[in-house]
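Participant: coordinates only, sequence not included:
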Ligand SMILES: Nc1ncnc2c1ncn2[C@@H]1O[C@H](COP(=O)(O)OP(=O)(O)OP(=O)(O)O)[C@@H](O)[C@H]1O
């Protein structure tokens, strides 16, 4: 267990592509940090810099108070779990898990104990004599985690470990990773492009776009108080509805509706009087009563909720209503918004 400091890390590849800008983060001992963002945002590059698989162009990496910026991967005391498992097909599960310890020439008896302990944690005890090809995708992913656990590293790194699993197995394995994290109390950095994984796993999320950190915070902070339009649109599913509105006399107005601002919103938006801002409303904050007319074009029952897609005049809107609804294309439903977010149109930053 240990703490990890990424101090102003930057990555400029040989072809002059700058993949990461000023990544600054203190990971606490035992914390699970999820780096999330769309493809190409620089999350894998950041993880690979921590692993030592990419050189760090600028900045410092500190593990347990020690500067490891220029240290080779093997000396960093870090274990990485990849999305393609990277298991040795000719070895048994036991051998796969024992391999790195054998390379380190550890005592055979100790290796045996460590492998058995990891197999127990991961429910792999009965699989130890099998080859990887005889295991399911989920079990192979657990072996990959087992290989990391036996090394008892200071930091665990996960690079999209669930992306090769089907949806059901993905959520089961996600729960296993959470349990594992609690059980080992290990410091973990986890990369994914999937916002659901980030929200459900992380102690804190780092949301990235185009090499820049957009926001660092707890899942609730990113969901409830997104720092800018990018985070607001990326976190939350279905994504937030966005409307251009003019702030005028205590209301947010566009060609299709006028919504009253709360006293707090009026005060916060006072500097924007007469100006156009972006208003964000999460589908779950659209409620089934009010004076805004939605013309329905689809109704999707999810069990606990219903997704209703439609238009308000020329604006598209997605609503997530509680319970089971039976709207049909062409129906009208009256709605209002019980929570709104506002963003500056120029800077895209949240108006706080
Ligand atoms: N070896 C490389 N040489 C040059 N450019 C690279 C290299 N690896 C990545 N890049 C570029 O750096 C940027 C960030 O890539 P990176 O793989 O870190 O993003 P990512 O968020 O992890 O995306 P993905 O989820 O698709 O892997 C991209 O523009 C990518 O094209």
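Facilitator: Received the coordinates, thanks. Quick caveat: nothing in here was measured; it's all calculated off a predicted structure.
Participant: please report how far the residue nearest to residue 241 when sequence neighbours are not counted lies from residue 341.
Facilitator: Among residues not flanking residue 241 along the chain, residue 281 sits closest, at 4.8 Å (C-beta to C-beta, 6 or more residues apart in numbering). Backbone N, C-alpha and C define where each C-beta goes, glycine included. Here residue 281 is placed at a distance of 7 Å from residue 341 (C-beta to C-beta, to the nearest Å).
Participant: ok, residue 107 next?
Facilitator: Residue 107 is 58 Å from residue 341, by C-beta to C-beta.
Participant: what are the phi and psi angles of the residue nearest the centre of the chain?
Facilitator: Centroid-nearest residue in the chain, with C-alpha atoms, centre = their mean: residue 198, separated by 2.6 Å. In terms of degrees, to the nearest 10, the main-chain angles of residue 198 are phi -60, psi -50.
Participant: residues from the stretch 1-150 of the chain in reach of the ligand?
Facilitator: Remark: the part of the stretch 1-150 of the chain in contact with the ligand comprises 13, 15, 17, 19, 37, 39, 40, 41, 42, 43, 44, 45, using C-beta under 6 Å from any ligand atom.
Participant: list the contacts for the first one?
Facilitator: Residue 13 makes contact with residue 19, according to C-beta atoms under 8 Å, 6 or more residues apart in numbering.
Participant: now the fourth one
Facilitator: Taking C-beta under 8 Å, 6+ apart, we find residue 19 in contact with 11, 12, 13, 42, 45, 211.
Participant: do I have it right that the last one meets residue 43?
Facilitator: By that I understand residue 211. No - Residue 211 is beyond contact range of residue 43, at 9.7 Å (criterion: C-beta atoms under 8 Å).
Participant: need the three-state assignment for residue 279.
Facilitator: strand (DSSP: H, G, I helix; E, B strand; the rest coil).
Participant: so who does it touch?
Facilitator: 242, 243, 244, 245, 252, 259, 340, 341, 342, 343.
Participant: so which bits of the longest strand along the chain are buried?
Facilitator: Longest strand in the chain, counting residues (DSSP state E): strand 286-301. Across strand 286-301, burial judged by 16 or more other C-beta atoms under 10 Å covers 286, 288, 290, 292, 294, 296, 299.
Participant: excluding chain neighbours, what is closest to the first one?
Facilitator: Ranked by C-beta to C-beta, 6+ apart and with sequence neighbours excluded, the top spatial neighbour of residue 286 is residue 319, at 4.0 Å.
Participant: please, which helix or strand holds the one you found?
Facilitator: Residue 319 belongs to strand 315-322 when assigned by DSSP states H and E.
Participant: partner strands of that strand and their direction?
Facilitator: Paired with strand 315-322 in the same sheet, following DSSP bridges, are strand 305-312 (antiparallel).
Participant: could you find the closest non-adjacent residue to residue 131?
Facilitator: residue 92 is the one closest to residue 131 (C-beta to C-beta, 6+ apart), at 6.1 Å.
Participant: most neighbours out of the contacts of residue 19, which is it?
Facilitator: For the contacts of residue 19, the largest neighbour count, defined by other C-beta atoms under 10 Å, is 25 neighbours, found at residue 42.
Participant: just to check, that one is in contact with residue 213?
Facilitator: No - look at residue 42 against residue 213 with C-beta under 8 Å: they stay out of range, at 9.1 Å.
Participant: tell me how many other residues surround the residue of the stretch 251-352 of the chain found nearest the ligand.
Facilitator: Nearest residue of the stretch 251-352 of the chain to the ligand: residue 348, at 19.9 Å (C-beta to the nearest ligand atom). Each residue near residue 348 was counted by other C-beta under 10 Å, and the total is 16.
Participant: how close does it get to residue 229?
Facilitator: Residue 348 is 4 Å from residue 229, by C-beta to C-beta.
Participant: who touches both of these two?
Facilitator: Common neighbours of residue 348 and residue 229 (C-beta under 8 Å, 6+ apart) are residue 278.
Participant: would you mind measuring from residue 324 to residue 297?
Facilitator: For residue 324 relative to residue 297 (C-beta to C-beta), the value is 19 Å.
Participant: for the ligand, give me its nearest residue in the stretch 101-250 of the chain.
Facilitator: residue 193 (5.1 Å).
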